[in-house]
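Novice: Need a 3D model of the following:
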Amino acid sequence: MPSSRQTSEDVETMRKAIPAALQPTALSRDATAATLAAHRRRAWAWLWGGCAAMVAGLAVGPSADEAGISWLNEVAVFCVGGGPVVMTVGVATLVNCRRMRRALMTRPWAACTAVAIPLGQGAPRVVLRDPVSGGLLPLTVRTVQQRYHLAAPGPGGVLWWCGDPRAGGVLAQPGGEQLLWARPTRAERARRSDVQAAEHKGLLSRAHPPQPQAVVSDEPIQHREPDLSYAAMAAAASRLVFPDESPGRPHRDPDVRTVPWWRIRALLEISQLWPTAVNALRALALVLAWLLVRQAGLPILLVAAVLCGINALRFGYGMIVGIPAVKALARATRAPVPVPKRYVLLPGPDDGLVLVLFPAHGGPTDLPEAAMEVNPPGTPRHPWSGMPPLVGTAELHGWLDDGPTVVPWIDGRPLWPRQPYESVNPNDQRDRDYFVALVGDTVPEA
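Specialist: I've put the predicted structure just below:
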């Protein structure tokens, strides 16, 4: 097993292998700079929000107590007690932002093959493979539970790393967004266990990914034209490895053409009907509970009811748009004549997929003619369960001149779209950049 000292020396050797003048720092990437700025704004919002709550509680509490307004006094006490907690969260986030900025300003991004250690007790852990020396670096991610999923490598098995293996650094999904702070795993026993798990999963045998800022010659990178043909993109898809999350029989929804749309789990999620109803009912129940026990002094019930009510309004706005959309998708599945297209399925933004479509009858040199962002076929807990072939033929049900509203079917199952069917022009630089980002710069150059 490589020691932390060896890993650190390997990464430093990799960094020095590129002349300093030719090393763009990670913060020079627009997406990374924008993400860090947004992270810092949220930290200040937490800090000033907690401060405002505490000041408001101190200002209103005594007056409410003198006036005998018990519920207002209870809310003021809650604000005085909760304000410092919120301020602490803001200060901790600001400290984290400073650490990230220091790392991102001094080092470039390095694309590393990676393996996520199955979650148990505590924070998520990953193991990175040095793209130069092949050494392994076990890391522990420091973040809130709601962002744990960002530490897991996608189907491409790659994470971006920027930092010092001895002191910590920044992890991100390919693209340099959704930043996470990670430190070397401290416990020696955990380090050995994580490295053994990574070796067992074949991390040492994987090919090194292309570097996002590698300097390979004196010719500017932007002058190189990637090959976006059907054959090249199919080859890029064949290198992806989706986790086998459900070794048993994958979950199948009823046939949407024979049941109401709300019986289909994916359509119910898109419609936002369920979270709207749940939050509205919670708000109502909390208000009733507060009215029954308000003499006992439980202002937290009223605060929780307000928060649930705000969530119900937020999801309700999405429901106003979502229900007509899912009704249109359900109608599209009943279109009489489907249109066949060849496709390549690639990981998309966030946790979705992108269906890249090609003419049904053509050759390996055909260029993309359309693209659609679609939802994974599995459940929220196991999104990659029941994945269809990554290359094949899809049937498009719907109408290209209505919205357009199109639902692709593969192997007798629909992939529900997140975005409408969109024609693309491979000669447009923006479309080319989009497809290059999807395959992670792994398509060969023409």
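Novice: rest of the way, CA atoms for contacts and neighbours
Specialist: Will do.
Novice: helix/strand/coil for V77?
Specialist: Per DSSP: H, G, I helix; E, B strand; the rest coil, the secondary structure class of V77 is helix.
Novice: For it, which non-adjacent residue is spatially closest?
Specialist: G57 (6.3 Å; CA to CA, 6 or more residues apart in numbering).
Novice: likewise Q272?
Specialist: M319 (4.8 Å).
Novice: Identify the residues contacting that neighbour.
Specialist: 271-273, 276 (CA atoms under 8 Å, 6 or more residues apart in numbering).
Novice: So it lies in a helix, does it not?
Specialist: Yes - counting by three-state DSSP, M319 is found in a helix.
Novice: I'd like to know how far it sits from V278.
Specialist: 13 Å (CA to CA, to the nearest Å).
Novice: Name the residues that touch stretch 420-429?
Specialist: 228, 367-373, 400, 403-406, 431-432.
Novice: Same check on stretch 433-442?
Specialist: Residues outside stretch 433-442 that contact it (CA under 8 Å, 6+ apart): 174-175, 209-210, 212, 226, 228, 233, 236-237, 346-348, 443.
Novice: where's W181, which helix or strand?
Specialist: Assigning secondary structure by DSSP states H and E places W181 in strand 177-184.
Novice: my bad, W48
Specialist: Assigned by DSSP H and E, W48 falls in helix 30-67.
Novice: in that helix, what's buried?
Specialist: 32-33, 35-36, 39-41, 43-44, 46-58, 61, 64 (16 or more other CA atoms under 10 Å).
Novice: Report all helices and strands that it contacts.
Specialist: Here helix 30-67 touches helix 70-106, strand 177-184, going by 3 or more CA pairs under 8 Å, 6 or more residues apart in numbering; DSSP states H and E.
Novice: Which of the ones you listed comes out lowest on mean pLDDT?
Specialist: Among the helices and strands packed on helix 30-67, helix 70-106 carries the lowest mean pLDDT, a mean of 85.
Novice: what angle sits between it and strand 177-184?
Specialist: 80 degrees (axes from the mean of the first three to the mean of the last three CA atoms, to 10 degrees).
Novice: And helix 70-106, what's buried?
Specialist: For helix 70-106, a neighbour-count test (16+ other CA under 10 Å) marks 70-80, 82-87, 90, 93-94, 96-97, 99-101, 103-105 as buried.
Novice: Same check on stretch 377-396?
Specialist: Buried, per 16+ other CA under 10 Å, within stretch 377-396: 377-378, 382-388, 391-396.
Novice: can you give me the end-to-end distance of it?
Specialist: Stretch 377-396 has its terminal residues 16 Å apart, counting by CA to CA.
Novice: Which residue ranges of the stretch 151-300 of the chain form strands?
Specialist: Assigned by DSSP state E, counting those that start in this stretch, the stretch 151-300 of the chain shows strands spanning 158-164, 168-173, 177-184.
Novice: Can you give the strand pairings for the shortest one, parallel or anti for each?
Specialist: Which is strand 168-173. Using DSSP bridges, strand 168-173 pairs in its sheet with strand 158-164 (antiparallel), strand 177-184 (antiparallel).
Novice: tell me the most buried of these?
Specialist: strand 158-164 (a mean of 25; mean count of other CA atoms under 10 Å).
Novice: Rounded mean pLDDT for that strand, please.
Specialist: Averaging the model's pLDDT scores along strand 158-164 yields 89.
Novice: Which residues does that strand contact?
Specialist: 8, 26, 103-104, 107-114, 128, 153, 169-176, 209.
Novice: again, only this time at 7 Å
Specialist: 103-104, 107-114, 153, 169-174, 176 (CA atoms under 7 Å, 6 or more residues apart in numbering).
Novice: Please put the alpha-carbon coordinates of it into PDB.
Specialist: Provided in PDB are the C-alpha atoms of strand 158-164 (Å, rounded to 0.1, in the frame of the first residue of the first chain):
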ATOM      1  CA  VAL A 158     -13.700  10.100 -12.300                       C
ATOM      2  CA  LEU A 159     -13.400  12.900  -9.700                       C
ATOM      3  CA  TRP A 160     -11.500  16.200 -10.000                       C
ATOM      4  CA  TRP A 161      -9.000  16.900  -7.200                       C
ATOM      5  CA  CYS A 162      -7.200  20.100  -6.300                       C
ATOM      6  CA  GLY A 163      -5.100  20.300  -3.200                       C
ATOM      7  CA  ASP A 164      -2.300  18.900  -1.000                       C
END
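Novice: Give me the helix or strand of this protein that scores worst on average pLDDT.
Specialist: Every helix and strand in the chain was compared by mean pLDDT, DSSP states H and E; the lowest is helix 4-16, with a mean of 43.
Novice: measure stretch 141-155 end to end?
Specialist: Stretch 141-155: ends 19 Å apart by CA to CA.
Novice: Give the rounded mean pLDDT of it.
Specialist: So the average pLDDT for stretch 141-155 ends up being 82.
Novice: who's in contact with that stretch?
Specialist: Under CA under 7 Å, 6+ apart, the answer for stretch 141-155 is 114-116, 123-125, 159, 180-183, 240-242, 347.
Novice: how about the residue nearest to V77, what does it touch?
Specialist: 76-77, 79-80.
Novice: Any chance of those residues in JSON lines with distance to V356 as columns?
Specialist: As requested, the contacts of G57 are arranged in JSON lines below (distance: CA to CA, whole Å):
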{"residue": "A76", "distance to V356": "55"}
{"residue": "V77", "distance to V356": "56"}
{"residue": "C79", "distance to V356": "51"}
{"residue": "V80", "distance to V356": "54"}
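Novice: so how far is stretch 156-167 off the chain centroid?
Specialist: 17 Å (CA atoms, centre = their mean, to the nearest Å).
Novice: got the end-to-end distance for that stretch?
Specialist: End-to-end distance (CA to CA), stretch 156-167: 27 Å.
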